[in-house]
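Student: Next comes the sequence, and after it the predicted model I'd like to discuss.
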Amino acid sequence: MSVTTAELRPAPASERRNRILAIVQARGAILVLILAVIAASIRFPAFLTAANIADIVTAASFLGLVTIGQSFVIILGGFDLAVGSMIGLGTVLAAYSVPYGWLPALLVPALAGAAIGLIDGLLIARAGMAPFIVTLAALLGVQGLALTLAKNSLVIEHPGFFGWIANGSVLGVGNLIWILILGFAIAALALNRTRYGVSVFAIGGNEEAATMLGVPVIRTKILTYMLSGTLAGLSGALLGAHLSSGIAGAGYGYELKSIAAAVIGGILLTGGVGTMAGALAGVLLLGLIENVINQIGTLSSYYQNLASGIFLLIAVLAQSLLSRRKR
Amino acid sequence: MSEAASRRLGLGGTAGIGSLRAWSVYIAFLILILVDLAVTPGFRNIFVLRNLLFEASPIILITLGQSLAIGTRGIDLSVGSVMGLSAAIIALALPAGQPLALLAGVGAGLLVGLFNGGLIAWLEINPLISSLALLVAARGFAQALLDGERVSLPQGGLFDVLGVNAYGDIPVVAFIAAAVVALVALVVRATTFGRYVIFVGANRLAAELAGMPARRTLFLVYGISGALAGLAGAFAAARLGASDPNYIGVNFELDAIAAAVIGGTPLSGGRISIIGGVIGVLLLQVLDSSFIMNDIDFTYAQILKALFIVAALYLQRAGG
């Protein structure tokens, strides 16, 4: 039997083709990002300036942080729909905590996110409930909590060092940009170089097999939802510092945007496949679309949604065509 | 495998627990109504019922489409945005007359739904993603069409029929919604298409191997969901007396999914409970108004709603 299968292996030529297609699928977003940057720079002279690029990346940093968590959860084979509300709650909690110093203003939202993630994770991993519905309930519940705490937006009067964390810069580069880069670097290391990362891929690829191989499935799932919640809380805290206010609805739509960014970045919704570089490219691409539509100027900002939606469709179409060609 | 096994068990022996679970949404609804009648001031007032039915009718329509989509093991996140798009198209098509404008709104919903279905059926895109893309795109399209402005609709004619008129204290839209519910329930229970929907959701591969037109079924299911969302958008715009692309249908997809799932249509597909979904919508609506009428902050209602969804699903899961 084993001899026959060995003989039936595909010819080297098609193997090479498969490998190229796999690279295109994993790195396609980066390729498109580069092409889009080139096209935008040619078309709009104001695009490729240091200030504009810094603007794009800074604006994308909040989405970037939640997309890290979202990507982990999707690679694990789940979803986290609660991140958008969690950002809102994060800004509100940060506004309440600022009087006690910058550290509580960062930690309280992060810990609240971890707590929500823990509840989600327990319900999903231990009780075996569908991630979609559990995090949907969390979306509603956290939104309600944030609105209960702050019906109107809260103004952060004296942000001090907390404000600097989001608005200051080091070596001429904005802090949020540093945080984004650092976040993705650590995430990439965690995903590719640690036992935890291996577990995430293994569970997303085949949960039953992972269980049989002794992968700590329940613990990994709970940890991952906690990570996503923590990052969303932290992203909210930073957004609160950036805007100098706590707004319950600040993260509206981020759950969908982060899923879109991850998927555009080549992370498969079926789980088990994805890279952090791709996810980052997805985040930056969405930011770039927004920026370019602003550059065109004559287009109303409402076309942003239309363009993002169409772009997401094209990305997913390309992905499905690529993976089908490979089969 | 365990899922299939438990389903078999559910069909065979444990009828007591199984039926209790199936009835949980009805029991919860009944308890809520009884508590409200006892505690909530003014709940007996007939205007409560009337308002409730006006609010619930469009959500019932999109929950029907949602239940079909979930039954095929899919989901339709686009319904809320399609409501907004339909309302925008209605506002733009007004010069052609009210009947044609309403038809255009429903038609736009149908087209978006069929497009979504085409992506899912033939290009094999994950329904979550295709409908997510349409959620974003249809909302943007609606806003762009009206330039983000609220456009008032004229009074009188069909808009009054849908937005104001009632027989006794039952709104016309509630009668329409009830008729559509009956139709969809009949289709699910008594037609070949209904069987296809459930079989495709239970086991797509087996359904295809058995020669069922799985792709065509999916295409039609999402088309129906889109058309119903278009009609729901017409209801909502008529009720509001305006087409507001930033308001109509926002977050309604979440209510529809929650109602369908609470009502006993599991996300794992292969089972549809149309009447359960309708009761799910009414349950969530009554829950909302109970809080408002007791002067409790609506934000607590939202937290409780979330806990309620989790509790309902946890109970459904127990033993299944």
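Tutor: All right, it came through fine.
Student: Ramachandran coordinates for B:Tyr167?
Tutor: According to degrees, to the nearest 10, the main-chain angles of B:Tyr167 amount to phi -100, psi 120.
Student: ugh, wrong one, I meant B:Gly156
Tutor: Torsion angles, degrees, to the nearest 10, at B:Gly156: phi 90, psi 170.
Student: what pLDDT does the nearest residue to A:Ala60 once chain neighbours are set aside get?
Tutor: Counting by Cβ to Cβ, 6 or more residues apart in numbering or on different chains, A:Ala60 lies nearest to A:Gly287, which is 3.6 Å off, once chain neighbours are set aside. For every residue, glycine as well, the C-beta is placed using N, CA and C. For A:Gly287, the pLDDT comes out at 89.
Student: What of B:Asp295?
Tutor: Looking at B:Asp295, the pLDDT reads 78.
Student: Now for it, how many residues are close by?
Tutor: Neighbourhood size, B:Asp295 [other Cβ atoms under 10 Å in any protein chain shown]: 7.
Student: Pull the number of nearby residues for the residue nearest to A:Ala60.
Tutor: Neighbour tally, A:Gly287, other Cβ under 10 Å: 20.
Student: same deal with A:Ile23?
Tutor: Neighbour number of A:Ile23 under other Cβ under 10 Å is 11.
Student: Then the one 5 residues further on?
Tutor: Using other Cβ under 10 Å, A:Gly28 has 20 neighbouring residues.
Student: do the one 4 residues further on as well
Tutor: Burial of A:Val32, expressed as a neighbour count using other Cβ under 10 Å, amounts to 19.
Student: what's the neighbour count on A:Leu147?
Tutor: Neighbours of A:Leu147 using other Cβ under 10 Å come to 22.
Student: In what element of secondary structure is it found?
Tutor: helix A:131-149 (DSSP states H and E).
Student: Touching the following helix or strand past that helix from outside, list them.
Tutor: Next in sequence after helix A:131-149, counting helices and strands by DSSP H and E, comes strand A:154-155. Strand A:154-155 has contacts (Cβ atoms under 8 Å, 6 or more residues apart in numbering or on different chains) with A:92, A:95-96, A:244-247.
Student: can we see that at 10 Å?
Tutor: A:91-92, A:94-96, A:98, A:240, A:243-248 (Cβ atoms under 10 Å, 6 or more residues apart in numbering or on different chains).
Student: Need phi/psi at B:Ser243.
Tutor: According to degrees, to the nearest 10, B:Ser243 has phi -110, psi 110.
Student: Model confidence for it, exactly?
Tutor: Reported pLDDT at B:Ser243 in the predicted model: 91.
Student: B:Gly233 is in contact with that one, correct?
Tutor: Yes: using Cβ atoms under 10 Å, B:Ser243 is in contact with B:Gly233, at 8.6 Å.
Student: what sits in contact with each of these two?
Tutor: By Cβ under 10 Å, 6+ apart, the residues touching both B:Ser243 and B:Gly233 are B:84, B:86-90, B:105, B:142.
Student: Tell me the residues of the stretch 51-200 of chain A that contact chain B?
Tutor: A:79, A:81-82, A:85, A:119-120, A:123, A:127-134, A:136-151 (Cβ under 10 Å from any Cβ of the partner chain).
Student: on that earlier part again, tell me which element the residue nearest to A:Ala60 is part of?
Tutor: Per DSSP H and E: helix A:276-296 holds A:Gly287.
Student: CA atoms of that helix as CSV?
Tutor: Presented in CSV, the C-alpha positions along helix A:276-296 are these (Å, rounded to 0.1, in the frame of the first residue of the first chain):
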residue,chain,number,x,y,z
MET,A,276,1.0,37.5,11.6
ALA,A,277,2.7,39.3,8.7
GLY,A,278,-0.4,38.7,6.6
ALA,A,279,-2.7,39.9,9.3
LEU,A,280,-0.6,43.1,9.6
ALA,A,281,-0.8,43.6,5.9
GLY,A,282,-4.6,43.2,6.1
VAL,A,283,-4.8,45.8,8.8
LEU,A,284,-2.7,48.3,6.8
LEU,A,285,-4.6,47.6,3.6
LEU,A,286,-7.9,48.5,5.2
GLY,A,287,-6.2,51.7,6.6
LEU,A,288,-4.9,52.5,3.2
ILE,A,289,-8.3,52.2,1.5
GLU,A,290,-9.7,54.6,4.1
ASN,A,291,-6.8,57.1,3.5
VAL,A,292,-7.0,56.9,-0.3
ILE,A,293,-10.8,57.6,-0.3
ASN,A,294,-10.0,60.6,1.8
GLN,A,295,-7.4,61.7,-0.7
ILE,A,296,-9.8,61.4,-3.6
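Student: so what's the most centrally placed residue in chain B up against?
Tutor: Nearest to the geometric centre of chain B sits B:Thr63, at 1.4 Å (Cα atoms, centre = their mean). B:Thr63 makes contacts with B:56, B:70, B:79, B:177, B:181, B:228, B:232, B:252, B:255-260, B:263, B:265, B:274, B:276-278, B:280-281, B:284, as judged by Cβ under 10 Å, 6+ apart.
Student: quick check: angle from the helix or strand hosting A:Ile218 to helix A:131-149?
Tutor: Taking DSSP H and E as the criterion, A:Ile218 maps to helix A:217-243. Counting by axes from the mean of the first three to the mean of the last three Cα atoms, to 10 degrees, helix A:217-243 lies at 40 degrees to helix A:131-149.
Student: Run the contact check for helix A:217-243 versus chain B.
Tutor: No: counting by Cβ under 10 Å from any Cβ, chain B has no neighbours in helix A:217-243; the shortest distance is 14.2 Å.
Student: which residues sit in contact with the residue nearest to A:Ala60?
Tutor: Per Cβ under 10 Å, 6+ apart, neighbours of A:Gly287: A:55-61, A:63-64, A:261.
Student: follow-up on the earlier one: of the contacts of B:Thr63, which ones also sit close to chain A?
Tutor: Among these, the residues that sit close to chain A (Cβ under 10 Å from any Cβ) are B:255, B:257-258.
Student: are any of these buried, and which?
Tutor: Using 16 or more other Cβ atoms under 10 Å in any protein chain shown as the burial test, those include B:255, B:257-258 as buried.
Student: all helices of the stretch 101-250 of chain B, in order?
Tutor: B:127-145, B:157-163, B:172-190, B:192-202, B:204-209, B:214-240 (DSSP state H, counting those that start in this stretch).
Student: from what I can see B:Val181 touches B:Val278, true?
Tutor: Yes: between B:Val181 and B:Val278 there is a contact under Cβ under 10 Å: 5.7 Å.
Student: Tell me if I'm right that A:Ala46 and A:Ile296 touch.
Tutor: No: here A:Ala46 does not reach A:Ile296: they are 11.4 Å apart, not a contact under Cβ under 10 Å.
Student: Quick check: the gap between A:Leu21 and B:Pro127.
Tutor: The gap separating A:Leu21 from B:Pro127 is 24 Å, by Cβ to Cβ, to the nearest Å.
Student: For the stretch 1-150 of chain B, what lies in contact range of chain A?
Tutor: So far as Cβ under 10 Å from any Cβ goes, the stretch 1-150 of chain B lies against chain A at B:1, B:75, B:77-78, B:81, B:115, B:119, B:123-126, B:128-130, B:132-148.
Student: Quick one: the helices in chain A, in order.
Tutor: With DSSP state H as the criterion, chain A has helices at A:2-7, A:12-43, A:50-75, A:83-97, A:102-121, A:131-149, A:161-167, A:175-193, A:195-205, A:207-212, A:217-243, A:254-264, A:276-296, A:303-326.
Student: any idea of the angle the helix or strand where B:Ser290 lies forms with helix B:172-190?
Tutor: Element membership for B:Ser290, per DSSP H and E: helix B:274-293. In terms of direction (the same axes, to 10 degrees), helix B:274-293 departs from helix B:172-190 by 150 degrees.
Student: Does chain A have contacts with whichever helix or strand comes after helix B:274-293?
Tutor: Sequence order places helix B:298-317 as the next helix or strand after helix B:274-293, per DSSP H and E. Yes: legend: contact between helix B:298-317 and chain A by Cβ under 10 Å from any Cβ is shown at B:298-314, B:316-317.
Student: Thank you kindly, that will do.
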